[in-house]
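Asker: Give me a 3D structure for the following:
(chains A, B, C and D)
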There are 4 protein chains.
Amino acid sequence: MSSSPTAPADLDRTDPAGAVAAAAARVSNWGRWGPDDVRGTMNFLGPEQRRAAAALVRTGESFSLSQSFDMDGPQKGWRRRTNPVHTMLDTGTDAVAGVQGFPHGIGGADDVISMPLQCSTQWDGLGHIFDHGVAWNGRPADQVVTSLGDGVTGIETVADVVCGRGVLLDVGRAIGDDGELPDGFAITEEHLRHTIEAQGPSSVVRRGDLVMVRTGRLARARREGWGEYAGGDSPGLSFTTADWLHGSEIAAVATDTWGFEVRPNEFDVAFQPLHQVAIPHIGLFLGEMWDLDALADACAADGRWEVFLTAAPLRITGAVGSPVNPVAVR
Amino acid sequence: MSSSPTAPADLDRTDPAGAVAAAAARVSNWGRWGPDDVRGTMNFLGPEQRRAAAALVRTGESFSLSQSFDMDGPQKGWRRRTNPVHTMLDTGTDAVAGVQGFPHGIGGADDVISMPLQCSTQWDGLGHIFDHGVAWNGRPADQVVTSLGDGVTGIETVADVVCGRGVLLDVGRAIGDDGELPDGFAITEEHLRHTIEAQGPSSVVRRGDLVMVRTGRLARARREGWGEYAGGDSPGLSFTTADWLHGSEIAAVATDTWGFEVRPNEFDVAFQPLHQVAIPHIGLFLGEMWDLDALADACAADGRWEVFLTAAPLRITGAVGSPVNPVAVR
Amino acid sequence: MSSSPTAPADLDRTDPAGAVAAAAARVSNWGRWGPDDVRGTMNFLGPEQRRAAAALVRTGESFSLSQSFDMDGPQKGWRRRTNPVHTMLDTGTDAVAGVQGFPHGIGGADDVISMPLQCSTQWDGLGHIFDHGVAWNGRPADQVVTSLGDGVTGIETVADVVCGRGVLLDVGRAIGDDGELPDGFAITEEHLRHTIEAQGPSSVVRRGDLVMVRTGRLARARREGWGEYAGGDSPGLSFTTADWLHGSEIAAVATDTWGFEVRPNEFDVAFQPLHQVAIPHIGLFLGEMWDLDALADACAADGRWEVFLTAAPLRITGAVGSPVNPVAVR
Amino acid sequence: MSSSPTAPADLDRTDPAGAVAAAAARVSNWGRWGPDDVRGTMNFLGPEQRRAAAALVRTGESFSLSQSFDMDGPQKGWRRRTNPVHTMLDTGTDAVAGVQGFPHGIGGADDVISMPLQCSTQWDGLGHIFDHGVAWNGRPADQVVTSLGDGVTGIETVADVVCGRGVLLDVGRAIGDDGELPDGFAITEEHLRHTIEAQGPSSVVRRGDLVMVRTGRLARARREGWGEYAGGDSPGLSFTTADWLHGSEIAAVATDTWGFEVRPNEFDVAFQPLHQVAIPHIGLFLGEMWDLDALADACAADGRWEVFLTAAPLRITGAVGSPVNPVAVR
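Answerer: Coordinates of the predicted model:
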């Protein structure tokens, strides 16, 4: 199995705009669910898929796929993305000091958080990325996301949807050395197919699935320190997987990396070109910074790579992304 | 069926401290799961319960039980609890104006939130309430929750647990007028039993359940405006249900009210005395401000009151509570 | 002296846009300080004015003209303007509880604030208001203020300027009953002149002055409760004072009200039309929610209405406004 | 002139607690202004001092001594101290896009900030540091600063005071190479006296002064990048200056460094021992991260090192510190 981090032969590294336009033309889902659609590929995930997913549960073991939300995270301030600042409104020390003023011995602690919605484990919503000023389903971006938030495709529109069959594709384990792909490694459709084949039939991807792709990047950060985990080099999906992401009719895809797609990107001068196709054109939800390591170990142990996955975003009105604690049940 | 909002005969309205102490002595779970326990009643919810819960799924319909997180919420600033302030780091209007400086036509929107962790639909964690300076499992509160957060029982300790059988007890529908209990109505064990009986066998409560109690208070706020929804009068659980909450061995209980227990409280001068028993002594997780209305309608329609419920808190290190988007699948 | 709250005869209440356009044509300072200017009327305030202002100091008494910044403020959430949320990172209770982990007995407290920049006593910067999408000095607003802030006229551009002669015009005292003007009272140029005349020569307004207009609105709020102090009815400057604000060549004007101009505004359907002239066309800095009461009492006591005033905004890069603690020395 | 960065001979590097206790015994101001005092050394600065300071103004030139407040600052997250996060509630791009919904062509921009109060140029208030759980004037720290803030000595208590004579002691220029002291350089009383002598009579320090000590550390950070400006090695005041700080009866002292005192501290294992003496025992206000470079150049040019300085903290109720934009007028 070749695992070279070089870009596919059919990409012109000097023309990301052209590549985005061509891919967009091939994979667009605009209008597929009508002109008023606000849920994109989440339309693939309905009661039928969810019922089937529930039937996958065998042991009842559960796994949180969330990283921590605290000041020890990877954010370094790029575009004002900080780690979450969690402060207390009341504390146990106050309660013990007797300064809270409540009756009959009751004491309490309360807390506040200030955080970018994409500081740790998260969903990218449909209002997160635009292509030449156009958002999902062909809407002008300035009619969708203003300073008041996303008035059309805010993350709350899928608050009740994101629960169904999760399939874990552990590409790091199937292809990498010691379970990790190197930075700059572009995962192609061929790598995905190889992984599925290696893992066996439980990892066949179906319509409406919530696909999780493990690269091993988080395991490396955990071992070596954050470094440039947030925004730096990383393995990730190749730009060329746009067609697979579209054709597989999945509801969402999530990775254990900061940015889902390979970095450096596969063009000489570029910034997240696969996002530019996936979100506004496919209408695809992207999960980032998921922690897939413990689940991957469990799946590898018994060869079952499908789970009942609930990854409901917070119901933040108008949000273009959301922190999430995805829970997988096997 | 009597539905009088008067307090039970056996409560001395003048002695909340005495009542708390007596109840605590009866229902304490301290030491039940060892001296190092940090999960309290979530210990009742394990793989076995979760597997059985998954088997309850029939139609695959899903319901978000979360209220919105935005400035139109009920908070009025009491103890610095505000509604969530969601602001944008980048917008579609910026993208269209061409001021973002990204290559090949990609544009983006990002956002930030600043909010109390208990501003909308939420879990109370085990570090949220103390009794005379003592936290869950008998620990001194000042050794548990400092300005750095809850260093022992932070909500992250149950990040992977809160997924299992949800049972909805629609007391508002069973006992109230037009599906709503009046403010000040104290729901007793008798009312809970009556509701279970009225709803039928699917609502029998079992060990490890995530019990949801609907009062109709949110429906009233939705119709009449927030008013004093956050902190004011409300139906809710009677102080006398402490024994039922303990004896039923449930993992958690959630309501559609601000504060879970009846308000005004059932003592002359008091503040949330049932919290003071339930959290530090029973080790019980409390859900508040859940939106149970749509689920209740669905359950009433076919008489099935049990669901597969995932209500995973955000993995905020050291939090004493957490916003949550609970998702019920039927 | 007439003090009727009716609008001046020469305003067509049905045509605010026309009135704004006509006033803008009369009072525009565009280009006055060159095409690159970012300081507007602060150009009137230079070393000469500042030196003269310092010479006004007689007693050395100082007055803070700032309201408090805390949760007891007037904000109610309109357009996400909340009161400031101040939380602690460390506390004295923690220090006493011995949980801070510092050596040799040192303990500490730190704090954080989250607040709208215009939640309490503040300056409106030049990027705060636009007229038909055009900002100060004729710049397209979308080339000035994006989600990244005000990249051209951010408040930091006047960080070292706002220090000079302050003149207090206590219109409430000169014209009102018991020192207060009623809500809806439009202060005209005639009222200003009358006040100056009543107060005597120390209150003659000169080029480069920082003019403070006291209406008594804050005194009323302090006595009666906030009510609709933030955004509701109020006395304030009449739209017709645009010419005086321009012709007097003052550096800034500040009031003890939420919004500087009279509310309801003097048109049938309008929102802050004087702002629309004053900020983008005159280039005038507006101070709002200043507490002028104690200073006014001192000025009235000895008849000296001029002070050395320092009201430096925080140096927040790109801010369109700033909290401020103005200090007047007499 | 010796400028060795070694610690004074009379400090036992192994006993910071002993040194703190001994210094505290020598320099305590507890009770000096009565048992209820909340202003500490700001009591030295009254109308008389302020009037004299105003008389120092010659040219009327003004200098902002504030660093910027933005994401490009030095904070790295230590103890949750981040750089300030400034976001927009409304923008010019929104206004131009026509999405704001205001009448007659008015458009607007508003903003919000979330920041530690000590993230950039700031005052340490009297509630910032404790000695063995005791705060200024001998109060138990847990009776002063709780999660609700500093209920006794909050920074608002000096909101109207901090305006008087500023004296700049440019130790970097007088003693350092190229105007900068090296990291670890402990400025002693001898260095201060030498600087005053070198600068001439305008820099003689008097009772009630706001003393500014320039080390050149900020100039170095500006040239070389922040590095460990916030919390790392730095020149600063020697622990041994406690007696001078007390005996000189100054109202406050400010530096161009993160932490005012020399770092590493002059003991083997220590953290800011001079703070532990200066704040709770002397009752001294400390300014940190001030930008003194431009003012120093102006002072050096004409040999006048005294200014009329206004450095009023924001009136944040209960704050233990405050951002500030100090303005010096010459």
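Asker: so what's the residue of the stretch 151-300 of chain A at minimum distance from chain C closest to, chain neighbours aside?
Answerer: The stretch 151-300 of chain A approaches chain C most closely through A:Gly151 (14.3 Å), counting by C-beta to the nearest C-beta. For glycine as for every other residue, the C-beta is placed from the backbone atoms N, C-alpha and C. Among residues not flanking A:Gly151 along the chain, A:Gly318 sits closest, at 6.2 Å (C-beta to C-beta, 6 or more residues apart in numbering or on different chains).
Asker: swap in A:Ala198?
Answerer: Of all residues not flanking A:Ala198 in the chain, A:Ala174 sits nearest, at 4.5 Å (C-beta to C-beta, 6+ apart).
Asker: Quick check: which element contains that neighbour?
Answerer: Assessed by DSSP states H and E, A:Ala174 sits inside helix A:171-175.
Asker: Restricting to C-alpha, output stretch A:36-55 in PDB.
Answerer: Output in PDB follows, covering the C-alpha atoms of stretch A:36-55 (Å, rounded to 0.1, in the frame of the first residue of the first chain):
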ATOM      1  CA  ASP A  36     -35.300  26.500   1.500                       C
ATOM      2  CA  ASP A  37     -33.100  23.700   2.800                       C
ATOM      3  CA  VAL A  38     -31.000  24.400   5.900                       C
ATOM      4  CA  ARG A  39     -29.800  21.000   6.800                       C
ATOM      5  CA  GLY A  40     -27.600  19.900   3.900                       C
ATOM      6  CA  THR A  41     -26.300  16.300   4.200                       C
ATOM      7  CA  MET A  42     -28.100  15.900   7.500                       C
ATOM      8  CA  ASN A  43     -31.100  15.200   5.300                       C
ATOM      9  CA  PHE A  44     -29.500  11.800   4.600                       C
ATOM     10  CA  LEU A  45     -29.900  10.900   8.300                       C
ATOM     11  CA  GLY A  46     -33.500  10.200   9.300                       C
ATOM     12  CA  PRO A  47     -35.400   7.900  11.500                       C
ATOM     13  CA  GLU A  48     -34.700   4.800   9.400                       C
ATOM     14  CA  GLN A  49     -30.900   5.300   9.700                       C
ATOM     15  CA  ARG A  50     -31.200   6.000  13.400                       C
ATOM     16  CA  ARG A  51     -33.300   3.000  14.100                       C
ATOM     17  CA  ALA A  52     -30.800   0.800  12.300                       C
ATOM     18  CA  ALA A  53     -28.000   2.400  14.200                       C
ATOM     19  CA  ALA A  54     -29.600   1.700  17.600                       C
ATOM     20  CA  ALA A  55     -29.700  -1.900  16.600                       C
END
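Asker: Sketch out the low-pLDDT regions of the stretch 1-150 of chain A for me.
Answerer: Low-confidence segments of the stretch 1-150 of chain A (pLDDT under 70): A:1-9.
Asker: wait, doesn't the residue nearest to A:Ala198 sit right on A:Leu192?
Answerer: No - checked against C-beta atoms under 8 Å, the pair A:Ala174 and A:Leu192 is beyond contact range at 9.5 Å.
Asker: Spell out which residues of the stretch 101-250 of chain A are next to chain C.
Answerer: Residues of the stretch 101-250 of chain A found near chain C (C-beta under 8 Å from any C-beta of the partner chain) are A:Val112, A:Ser114, A:Ser147.
Asker: The first one should be in a strand, yeah?
Answerer: Spelled out, that is A:Val112. Yes - under DSSP: H, G, I helix; E, B strand; the rest coil, A:Val112 sits within a strand.
Asker: So what pairs up with it in the strands?
Answerer: A:Thr87, B:Pro116 (DSSP bridges).
Asker: how about it, what does it touch?
Answerer: Residues near A:Val112 by C-beta atoms under 8 Å, 6 or more residues apart in numbering or on different chains: A:His86, A:Thr87, A:Met88, A:Leu89, B:Arg80, B:Ser114, B:Met115, B:Pro116, B:Leu117, C:Val85, C:Thr87, C:Ser114.
Asker: could you measure the residue nearest to the last one when sequence neighbours are not counted against C:Val112, distance?
Answerer: Leaving aside its chain neighbours, C:Ser114 sits nearest to D:Ser114 (4.3 Å; criterion: C-beta to C-beta, 6+ apart). The span separating D:Ser114 from C:Val112 equals 7 Å under the rule C-beta to C-beta, to the nearest Å.
Asker: try A:Ile316
Answerer: Where C:Val112 is concerned, A:Ile316 sits at a distance of 21 Å (C-beta to C-beta).
Asker: thinking again about what came up before, report the set of residues contacting both of D:Ser114 and C:Val112.
Answerer: Common contacts of D:Ser114 and C:Val112 (C-beta under 8 Å, 6+ apart): A:Val85, A:Ser114.
Asker: Which secondary structure state does A:Ala219 sit in?
Answerer: helix.
Asker: On the pLDDT front, check the closest residue to it other than its chain neighbours for me.
Answerer: Leaving aside its sequence neighbours, A:Ala219 sits nearest to A:Asp293 (C-beta to C-beta, 6+ apart; 5.5 Å). pLDDT recorded at A:Asp293 is 98.
Asker: count of neighbours near A:Asp293?
Answerer: 19 (other C-beta atoms under 10 Å in any protein chain shown).
Asker: before we move on, what about the one 10 residues further on?
Answerer: Burial measure for A:Gly303: 11 neighbouring residues, criterion other C-beta under 10 Å.
Asker: next one: A:Ser66
Answerer: Other residues lying near A:Ser66 total 26 when counted by other C-beta under 10 Å.
Asker: distance of the residue nearest to A:Ala198 from chain D?
Answerer: 36 Å (C-beta to the nearest C-beta, to the nearest Å).
Asker: ok, that residue - contacts?
Answerer: A:Ala174 sits next to A:His191, A:His194, A:Thr195, A:Ala198, A:Gln199 when contact means C-beta under 8 Å, 6+ apart.
Asker: On the three-state scheme, the fourth one is what?
Answerer: To tie it back to what came earlier, the one meant is A:Ala198. Secondary structure, three-state DSSP: A:Ala198 is helix.
Asker: Okay, and the residue in the stretch 201-330 of chain A that chain C sits nearest to sits in which element?
Answerer: Relative to chain C, the nearest point of the stretch 201-330 of chain A is A:Gly318 (11.2 Å; C-beta to the nearest C-beta). Under the criterion of DSSP H and E, A:Gly318 resides outside all helices and strands.
Asker: unless I'm mixing things up, it is touching A:Leu148, no?
Answerer: Yes - counting by C-beta under 8 Å, A:Gly318 does reach A:Leu148; the two are 6.5 Å apart.
Asker: still on that earlier bit, out of the contacts of A:Val112, the closest to D:Asp94 would be?
Answerer: Taking C-beta to C-beta as the measure, D:Asp94 lies nearest B:Ser114 of these, at 20.2 Å.
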